[in-house]
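> model this:
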Amino acid sequence: MHRSRRFSGLPRGYLLALALMIPLNGWLVDCVGPKRVYLSCFGLFTAASTLCGLATSIEQLIAFRVLQGMAGGLLAPMAQMMIARYSGDRMARMMSLVSMPVLIAPIFGPSLAGAVLHVASWHWLFLLNLPVGIAAIIFASFLLPPDDALRPRRLDWVGFLLVSPGLVFLLHGLNRIGTTTSGSKGLYELELLASAILLVTFFVRGLKKGATGLIDLRLFLSGNFRNRR
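Numbers count the residues shown, from 1 in each chain. Alright, predicted model coming up:
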């Protein structure tokens, strides 16, 4: 039972680390540049995946998965942002091409993983990402256009400390509250309450801060975002 609980920390650790880092994406892109952020995060994701494959204990595996999730949290929004910046009038075609792996992966992923496990150990589920990641980094370094002029801005630490823990509490609370006994649900209900307070405070503060906040929430009020003409 104790071992199964430790294994259950693998997906949660990755997901929570991913949610923790996503809000930093916009700030990093402005200060470092989209191409540099993309290549750095892809490199970190590939390195963390390799470390997962080389892990010799469940504790190491969880730690490396958390590192992989942090890189993935910064990498996840980059595809949409790259399309928006560089595709121009080919955006619809590019979006359809990018969405294909998202649709295909859940269909063929389990079968491919099962085939790998049939002939090799679980380590190769992570080690196979190394050649794929290296190839992707090489292609991206040549194909992506150079970064435009940077727009450095101060990091909104208050906003980050509101939204990132709020997202983590929300995901963890929702994940655990449905799988625990009634006696321990109170802790996760408090976690969801804390999440609601943090996120509401972030949104109220973010609307006042505007472009100087961690995320410019006023963009959600624009006619372009709501697809109004």
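
> so Leu39 touches Ala140, yeah?
Yes. Counting by CB atoms under 8 Å, Leu39 touches Ala140, with 6.1 Å between them. Yep, even glycine has a C-beta here, placed from its N, CA and C like the rest.

> ok, those two, which is more surrounded?
A count of neighbours by other CB atoms under 10 Å puts Leu39 above the other of Leu39 and Ala140, at 18 against 15.

> helix or strand: which one has that one?
helix 34-54 (DSSP states H and E).

> give me the three-state assignment for the residue positioned nearest the centre of the chain.
The chain has Gly73 as the residue nearest its centroid, 2.1 Å off, counting by CA atoms, centre = their mean. Using DSSP: H, G, I helix; E, B strand; the rest coil, the structure places Gly73 in helix.

> that one reaches Leu15, doesn't it?
No. The criterion here is CB under 8 Å, and Gly73 misses it with Leu15 at 9.4 Å.

> what about Ala115, which SS state?
Here Ala115 is helix, with the state taken from three-state DSSP.

> burial measure for it, as a count.
Count around Ala115 with other CB under 10 Å applied: 11.

> picking up where we left off before, mind listing what the closest residue to the residue nearest to the centre of the chain other than its chain neighbours touches?
Nearest non-adjacent residue to Gly73, counting by CB to CB, 6 or more residues apart in numbering: Met21, 3.2 Å away. Met21 sits next to 69-74, 164 when contact means CB atoms under 8 Å, 6 or more residues apart in numbering.

> nearest to Gly43, of those?
The closest of the contacts of Met21 to Gly43 turns out to be Ala71 (CB to CB; 8.3 Å).

> how near is that closest one to Ala17?
Applying CB to CB, to the nearest Å, the value for Ala71 to Ala17 is 9 Å.

> where's the residue nearest to Gly73 relative to Gly43, distance?
Met21 is 15 Å from Gly43, by CB to CB.

> with that, I have no additional questions.
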